[in-house]
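Asks: Sequence first, predicted coordinates after that:
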Amino acid sequence: MPTDLTLTAESVRIGGTARDRADAIDQCGALLVELGAVEPGYVPAMHEREASIPTFVGEGVAIPHGTDASRALVKRTALAVIQFPDGVDWGGPTVHVAIGIAASGEEHLQVLSSLAGVLTDPERAARLRSATEVEDVLDLLAPATG
């Protein structure tokens, strides 16, 4: 059964700031909770995942998400995209866009596939990091068609 992973304006925040990686993860988790995608207990699991497997994926992007055990706390598959124009120290690399992922099954693989298209194109990745409009982020992260 296909899962609708359409990114909506309500799930994107641009121009954010974060004190550090933990603050950025908290913000992604809080947005997933606000969107009704996860139970609040999912947020600590995002930190647990980060502690065991850092989620930096390159081009200034990180994809914080929960542990396998936390899938029971996911109500629906969703993304929470927060852009940090000034960057956040991610334990070495600097992150400008954090994409929180909530998925109870393998739906997140579709998300990662779409994101890979941005990460393998430095120009598109730069546009994502410097976007000033939510619509630009939505366009850049829309699933490739054709």
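Replies: On my side now, so go ahead.

Asks: pretty sure residue 43 is touching residue 33, no?
Replies: Yes: using Cβ atoms under 8 Å, residue 43 makes contact with residue 33 at a distance of 7.0 Å. Placement of C-beta: from N, CA and C, glycine included.

Asks: okay, the two: which has more neighbours?
Replies: Set residue 43 next to residue 33 and count neighbours by other Cβ atoms under 10 Å: residue 43 wins out with 23 against 20.

Asks: How about that one, nearest residue that isn't a chain neighbour?
Replies: Once flanking residues are discounted, residue 43 sits nearest to residue 29: 3.3 Å by Cβ to Cβ, 6 or more residues apart in numbering.

Asks: Near the one you found, how many other residues are there?
Replies: The burial count for residue 29: 25, using other Cβ under 10 Å.

Asks: which ones are touching it?
Replies: With contacts defined as Cβ atoms under 8 Å, 6 or more residues apart in numbering, residue 29 is in contact with 38, 42-43, 46, 64, 80, 100.

Asks: before we move on, what about residue 129?
Replies: Residue 129 neighbours (Cβ under 8 Å, 6+ apart): 59-60, 83, 85, 96-97.

Asks: Quick check, central residue of the chain?
Replies: residue 99 (1.0 Å; Cα atoms, centre = their mean).

Asks: distance of that residue from residue 28?
Replies: 8 Å (Cβ to Cβ, to the nearest Å).

Asks: if I look at these two, which residues touch both of them?
Replies: In contact with both residue 99 and residue 28: 64, 80, 82, using Cβ under 8 Å, 6+ apart.
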